[in-house]
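K.L.:
After the sequence you'll find the predicted model.
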Amino acid sequence: MSGEIEAAGDIATGILVAHAVEPPAGGSLADSHSHGLCLNCGTALHGEFCSACGQAGHVHRSLGAIGHDLLHGVFHFEGKIWRTLPMLVFQPGALTRRYIAGERARFVSPLALFLFAVFLMFATIHAFGGELESDLSPERRGAAIARVDANIAKGKAQIAQLQAAPRTAKTEEQIAQVEQELRGLQTSRGVLTGSSTTLDDWQTANVRTEWHALDHGIAKFRENPGLVLYKLQSSAYKYSWALIPISTPFVALLFLWRRRYQLYDHAIFVTYSLGFMMMFAALLGVAWAIGVSGDLITWAVILVLPTHMFAQLRGAYELRKRSALWRTVALLLFAWIALIAFASLLLVMGLME
């Protein structure tokens, strides 16, 4: 239960942090009893907001104003997000193009949406996959091991049933798939118990890279793999923003000969795209947790992500279909390279901490 509460806290924090970087689209009415000067910079007021610093002319000075500001912040962000999300899903190119062109007040900014998506994705991971953390209580650890054992038993029974059936190419493929899932479950169980045979070779091997800091990190992984995995998850959470500067140059490579597009335009494209992917990953995490077929999830990834990239490229950069298609293929390759670079960064940082 504590995991779900912490996940809810992560989502709420994400909303508040996202709102903190989100420019306001309006505010409170000016105080009719104001002396006509901005309380922040002293500039004469000629409307609801100061023309110099942007502060609202009316400033609440009551304990209830704290709750008012909190609710206004959350619901103001939510009001904009309900206009932004449908466009991000169905018209990502138009959303990106309109934001770059200056239409800002109607939509959640890409950075705010990205921050919210990061919190949402990791809250989902924490709620449905947090059993691998190293600080589990004995009760939660035992419950997690019991769930893994139940899935292992279910997989073994499925293999026995498939082996008893007539052996066909499809049956062999299904057996191989279930065996692969069982190996993953065994690894998970080993992390939870600290005694997995699937990790024995790695934990006892004398791996040396002659890089002292990395060798020290590898030694720590052999001693406590669960702790290192937890650090990797924490690093991914803290440094997820690095995906933006890592990915932006790859998008810029696709438009080297189109000087009308600058790095700013590509950064907005990347940030909105990453926000969508993280929210989509959170959705898939929930689907997996409630028992949706792994094959269905795989097909969703294969179909949705390239389609979304294609639509966003074509709309944001006003491309023809063929031009958007080859750039989508190239962008998928670049996305894998950027993801590998980010994972390598996390691996080094996680092992060296």
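P.N.:
Arrived safely.
K.L.:
Show me the shaky parts of the stretch 51-200 of the chain.
P.N.:
The model of the stretch 51-200 of the chain has pLDDT under 70 over residues 59-79, 128-141, 188, 190-200.
K.L.:
Do you have the helices of it handy? List them.
P.N.:
Taking DSSP state H, counting those that start in this stretch as the test, the helices found in the stretch 51-200 of the chain are 63-90, 92-100, 110-129, 138-164, 169-193, 200-204.
K.L.:
what comes into contact with whatever helix or strand Leu305 lives in?
P.N.:
Element membership for Leu305 (DSSP states H and E) is helix 294-316. Helix 294-316 is contacted from outside by 89, 91-94, 96-97, 100, 181, 265, 269, 272-273, 276-277, 280, 284, 287-288, 319-321, 324-325, 327-328, 331-332, using CB atoms under 8 Å, 6 or more residues apart in numbering. Every C-beta, even on glycine, is put in place using the N, C-alpha and C of the backbone.
K.L.:
Give me the buried subset of those.
P.N.:
Buried subset of the contacts of helix 294-316 (neighbour count, 16 or more other CB atoms under 10 Å): 92-93, 96-97, 100, 181, 265, 269, 272-273, 276-277, 280, 284, 288, 319, 324, 327-328, 331.
K.L.:
Tell me how the protein divides into domains.
P.N.:
For the chain, automatic domain parsing gives the domain ranges 1-20+105-134+224-353, 137-206.
K.L.:
export the helices of the stretch 51-200 of the chain to TSV and tack on distance to Ala311?
P.N.:
What follows is those, written out as TSV (distance: least, CB to CB, whole Å):
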stretch	distance to Ala311
helix 63-90	8
helix 92-100	6
helix 110-129	16
helix 138-164	37
helix 169-193	31
helix 200-204	42
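K.L.:
May I have the phi/psi pair for Trp257?
P.N.:
The phi/psi pair for Trp257 (degrees, to the nearest 10) reads phi -90, psi 10.
K.L.:
how much space between it and Ser323?
P.N.:
Distance, Trp257 to Ser323, by CB to CB, to the nearest Å: 12 Å.
K.L.:
So if I had to pick from these two, which one is more boxed in?
P.N.:
Neighbours were counted for Trp257 and for Ser323 using other CB atoms under 10 Å; Ser323 has more, 14 against 5.
K.L.:
what about Tyr237, how many neighbours?
P.N.:
Per other CB under 10 Å, the neighbour tally for Tyr237 reads 15.
K.L.:
thought it was touching Val118?
P.N.:
Yes: between Tyr237 and Val118 there is a contact at 7.3 Å, judged by CB atoms under 8 Å.
K.L.:
still on that earlier bit, hey, what's in contact with both of Trp257 and Ser323?
P.N.:
Counting by CB under 8 Å, 6+ apart, no residue touches both Trp257 and Ser323.
K.L.:
Leaving out chain neighbours, which residue sits closest to Phe250?
P.N.:
Phe334 (3.7 Å; CB to CB, 6 or more residues apart in numbering).
K.L.:
out of the domains of the chain, which comes closest to Lys80?
P.N.:
domain 1-20+105-134+224-353 (4.8 Å; CB to CB).
K.L.:
elements contacting the longest helix anywhere in the chain?
P.N.:
Counting residues, the longest helix found in the chain (DSSP state H) is helix 321-352. Using 3 or more CB pairs under 8 Å, 6 or more residues apart in numbering; DSSP states H and E, the elements in contact with helix 321-352 are helix 212-223, helix 225-238, helix 243-253, helix 294-316.
K.L.:
in the stretch 201-350 of the chain, which ranges drop under the pLDDT threshold?
P.N.:
The stretch 201-350 of the chain contains residues with pLDDT under 70 at 201-230, 348-350.
K.L.:
residue contacts, Leu332?
P.N.:
For Leu332, the contacting residues are 305-306, 309, by CB under 8 Å, 6+ apart.
K.L.:
how far away is it from Leu313?
P.N.:
From Leu332 across to Leu313, the span is 11 Å (CB to CB).
K.L.:
Next, the buried residues of the helix holding Leu305.
P.N.:
Neighbour counts over helix 294-316 (16+ other CB under 10 Å) mark 304-306, 308-316 as buried.
K.L.:
how many degrees apart are that helix and helix 169-193 in direction?
P.N.:
Interaxial angle, helix 294-316 versus helix 169-193 (axes from the mean of the first three to the mean of the last three CA atoms, to 10 degrees): 90 degrees.
K.L.:
relative orientation of helix 294-316 and helix 321-352 in degrees?
P.N.:
Going by the same axes, to 10 degrees, helix 294-316 makes 120 degrees with helix 321-352.
K.L.:
quick one, helix 294-316 and helix 92-100 angle?
P.N.:
40 degrees.
K.L.:
then helix 294-316 to PDB, C-alphas only?
P.N.:
Output in PDB follows, covering the C-alpha atoms of helix 294-316 (Å, rounded to 0.1, in the frame of the first residue of the first chain):
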ATOM      1  CA  GLY A 294       3.100  -9.200 -23.700                       C
ATOM      2  CA  ASP A 295       2.600  -9.800 -27.400                       C
ATOM      3  CA  LEU A 296      -0.100  -7.100 -27.500                       C
ATOM      4  CA  ILE A 297       2.200  -4.700 -25.700                       C
ATOM      5  CA  THR A 298       5.000  -5.400 -28.100                       C
ATOM      6  CA  TRP A 299       2.800  -4.700 -31.100                       C
ATOM      7  CA  ALA A 300       1.600  -1.500 -29.500                       C
ATOM      8  CA  VAL A 301       5.200  -0.300 -29.200                       C
ATOM      9  CA  ILE A 302       6.000  -1.400 -32.800                       C
ATOM     10  CA  LEU A 303       3.000   0.400 -34.200                       C
ATOM     11  CA  VAL A 304       2.400   3.400 -32.000                       C
ATOM     12  CA  LEU A 305       5.900   4.900 -31.600                       C
ATOM     13  CA  PRO A 306       6.900   5.000 -35.400                       C
ATOM     14  CA  THR A 307       3.400   6.300 -36.300                       C
ATOM     15  CA  HIS A 308       3.600   9.100 -33.700                       C
ATOM     16  CA  MET A 309       7.200  10.000 -34.900                       C
ATOM     17  CA  PHE A 310       6.000  10.100 -38.500                       C
ATOM     18  CA  ALA A 311       3.000  12.300 -37.600                       C
ATOM     19  CA  GLN A 312       5.000  14.700 -35.500                       C
ATOM     20  CA  LEU A 313       7.800  15.000 -38.100                       C
ATOM     21  CA  ARG A 314       5.400  15.600 -40.900                       C
ATOM     22  CA  GLY A 315       3.300  18.200 -39.000                       C
ATOM     23  CA  ALA A 316       6.000  20.000 -37.100                       C
END
